[in-house]
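**Student:** Generate a structure from the sequence data that follows.
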Amino acid sequence: MITRFQKLQQSDTGVGLVMALIVSFIVFSLGAVWVSTSTHELDQVTHNLHRTEAFNAAEAGARRAMAELQNNNDADGWFESDGTALLASDGVRIQAKGHGILWLGYDPSVGAEQCPAVALVSGPDQLGQYVVRVERLDAVDEGLEYRIESWGWGPSQGSRQSSLRKVEIDVLLRPLDKFAKALFAAKSMIGTNRKEIYGDVYAGESVVLSNFTRLYPNDEGETGIGQFEVFGDLTINAGSNVEFGGLVRTQGAIVDDAIGTSFSGADILNSTPTGAVGTFSTVNDFRKASTTDTIRYGGTLAPGWKVTPATSVIPVTSLIDVPEIPLPTFEYDPADYPTLTKTDWGTNVAGFEAFFNTNRANLSGVHVVDLSGGSISVDFSNTRFTGNFFLVIQDGDFNVTGFTKGLSGAPEAPVTVGLVLDDTRVPGTANAVDDIPDIDRYTLSMSSGIDSIPGVVHHLIFSEGFLDVRNQVTFYGTVYGNDDISGNRLEVHFRQPADELAAGFEFIVPDSTRFVAQPMLWRELTQNEGTPLPATCS
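**Tutor:** Numbering: from 1, shown residues only. Coordinates of the predicted model:
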């Protein structure tokens, strides 16, 4: 006979079993939800990563097209005219001017068979692919304005969850007969302590980088694509932590012994430049390069070189040489500055210093001071400018300190503050800068916060001797010198100086076909905007 207690016990057992089943169902249900959520989040992270890769690839393609146009490199099989055969040996800019439309990474003559996009790689990993279209915008007899459309895929066209993004940029090519570089050294350039440059850089001799050098495309809408040109070898020491946001072009070799160097493409001429020391019988060593775009070389690969995949290394027989560009010559002539008040203080250094200190709140005009082998230190602390200000120091060491307060009154901004070290012993010939022994050269040194004010006060820095940054300095403007011996951080954002201050400089351009690319409009497009993507690339 079953007692009441036994009946209750059986009832509790049934309830417990039901509760256990309910809990198990809930746990398994939550587990399924967690798995689904985790998978979804992982897919979302992967999607976002591929979108970023696609955008970076599109940007890399646009930057490369800008560099090709700027340097007028020979068409090497990447560029095709729109629907015709391979281009002739004329440079890319000449071909773009004549044909009107070019493609990079897509061969329209192949038809529907393939779309061989250019790969962006990092070691064994592919970080994206791009296809670029270049269209001339101006008249055929000019050929200086172009629209670049660049499609980027991350990580590649055919990969799982492949992402496609597109950027467009309008570019104006300006002849290289004026200030066009953020940093220019006619001879040596020291890379020992943290340079950060926005714009283009040129060095007339071999360069060794050893600590935190960064080179980027210039600020939006400003001239300069982050290109580094070296008339000689480029050596990157171990532990240097170097990043190149634009194309690197060397007349000699590239030896990269650093882990993590970031390249955005490189052209290595690997020939013996006139006036440089040594021969360059072998090309580069990218043994430890972390991120590279396409590498093009014109010589023999060094033993032990390693870039993966090997298809990103392209031999080219006729790359455009890196030119030997002399320092612009400068000779003071008051007739060059008709709209500015001019004062030639001669050797009256004390007279200039008294004037400067009395008029610190309303500086402008042209002032020339002859040191006759002496030295001067000018402190711009608490100064204000009522217009463009040009200080020319002749034949002596010139030290600049102090941070200005900006403008006085309502002058049109930005004003250019020009600081020039003029060595009158230099005769007015193209290579005259080499006629004086380095030991006898004067130095333009900068320290203690001699910074620019973006959009308000910009700088034109020019030295026929040495350039020496001794403390952290940030310039919006341009920095030109014979030798850069800066021992501390230098940051430069290229800005074109006022025309009336550039009037006294003469530029000797070895190749009149050379141009500098100035971005006019940069934006991201949807896939349906602009030119349709070729069907074989979709």
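
**Student:** Spatially, what comes nearest to Pro497 if we skip its sequence neighbours?
**Tutor:** Leaving aside its chain neighbours, Pro497 sits nearest to Leu460 (4.0 Å; criterion: C-beta to C-beta, 6 or more residues apart in numbering). In this view, the C-beta of every residue, glycine as well, is placed from N, C-alpha and C.

**Student:** what ranges of the stretch 401-538 of the chain fall below the confidence cut-off?
**Tutor:** 427-439, 509-514, 536, 538 (pLDDT under 70).

**Student:** Also the stretch 151-300 of the chain?
**Tutor:** Checking the stretch 151-300 of the chain against pLDDT under 70 turns up 270-300.

**Student:** does the residue nearest to Pro497 count as helix, strand or coil?
**Tutor:** Following DSSP: H, G, I helix; E, B strand; the rest coil, Leu460 is assigned to strand.

**Student:** how many neighbours does it have?
**Tutor:** Per other C-beta atoms under 10 Å, the neighbour tally for Leu460 reads 24.

**Student:** how close does the nearest residue to Asp451 once chain neighbours are set aside get to Thr192?
**Tutor:** Nearest residue to Asp451 in three dimensions, chain neighbours excluded: Thr474, at 4.8 Å (C-beta to C-beta, 6+ apart). Separation of Thr474 from Thr192 (C-beta to C-beta, to the nearest Å) stands at 18 Å.

**Student:** same thing with Ala517?
**Tutor:** Where Thr192 is concerned, Ala517 sits at a distance of 30 Å (C-beta to C-beta).

**Student:** higher neighbour count, the two?
**Tutor:** Between Ala517 and Thr192, counted using other C-beta under 10 Å, Ala517 has the larger neighbour count: 30 against 17.

**Student:** Which residues does the more buried one form beta bridges with?
**Tutor:** Leu173 (DSSP bridges).

**Student:** contacting residues for it?
**Tutor:** Ala517 makes contacts with 66-67, 69-70, 171-174, 223, 225, as judged by C-beta atoms under 8 Å, 6 or more residues apart in numbering.

**Student:** These in helices, which ones?
**Tutor:** 66-67, 69-70 (DSSP state H).

**Student:** Quick check on these: which are buried?
**Tutor:** 66-67, 69-70 (16 or more other C-beta atoms under 10 Å).

**Student:** Pick the one among those residues closest to Ser240.
**Tutor:** Nearest to Ser240, judged by C-beta to C-beta, of these is Ala67 at 22.7 Å.

**Student:** What score does that closest one have for pLDDT?
**Tutor:** pLDDT for Ala67: 81.

**Student:** With Glu41 instead?
**Tutor:** 59.

**Student:** cool, and the one 4 residues further on?
**Tutor:** Residue-level confidence at Val45 comes out at 68, pLDDT.

**Student:** mind listing the strands for the stretch 401-538 of the chain?
**Tutor:** 406-407, 415-422, 443-446, 457-469, 473-484, 490-494, 505-506, 515-525 (DSSP state E, counting those that start in this stretch).

**Student:** Show me the one of those strands that comes nearest Thr235.
**Tutor:** That would be, of the strands of the stretch 401-538 of the chain and by C-beta to C-beta, strand 473-484, which comes in at 16.0 Å.

**Student:** Okay, strands next: where are they in the stretch 251-400 of the chain?
**Tutor:** 254-256, 266-268, 295-297, 313-315, 329-330, 342-346, 363-370, 375-379, 384-394, 397-401.

**Student:** Pick the most deeply packed of those.
**Tutor:** Most buried of those by mean neighbour count (mean count of other C-beta atoms under 10 Å) is strand 266-268; its value is a mean of 27.

**Student:** helices or strands next to it in the packing?
**Tutor:** strand 248-250, strand 295-297 (3 or more C-beta pairs under 8 Å, 6 or more residues apart in numbering; DSSP states H and E).

**Student:** gap between that strand and the chain center?
**Tutor:** 15 Å (C-alpha atoms, centre = their mean, to the nearest Å).

**Student:** Pick out the residue nearest the middle of this structure.
**Tutor:** With distances taken as C-alpha atoms, centre = their mean, the residue of the chain nearest its centroid is Gly226 (1.1 Å).

**Student:** Using the three-state scheme, assign the residue nearest to that residue when sequence neighbours are not counted.
**Tutor:** For Gly226, ignoring the flanking residues on the chain, the nearest one in space by C-beta to C-beta, 6+ apart is Gly246 at 2.8 Å. At Gly246 the chain is in coil, as set by three-state DSSP.

**Student:** on that earlier part again, and the ones in helices among the contacts of Ala517 as CSV, adding distance to Asn357?
**Tutor:** Converted to CSV, the ones in helices among the contacts of Ala517 look like this (distance: C-beta to C-beta, whole Å):
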residue, distance to Asn357
Met66, 46
Ala67, 47
Leu69, 49
Gln70, 45
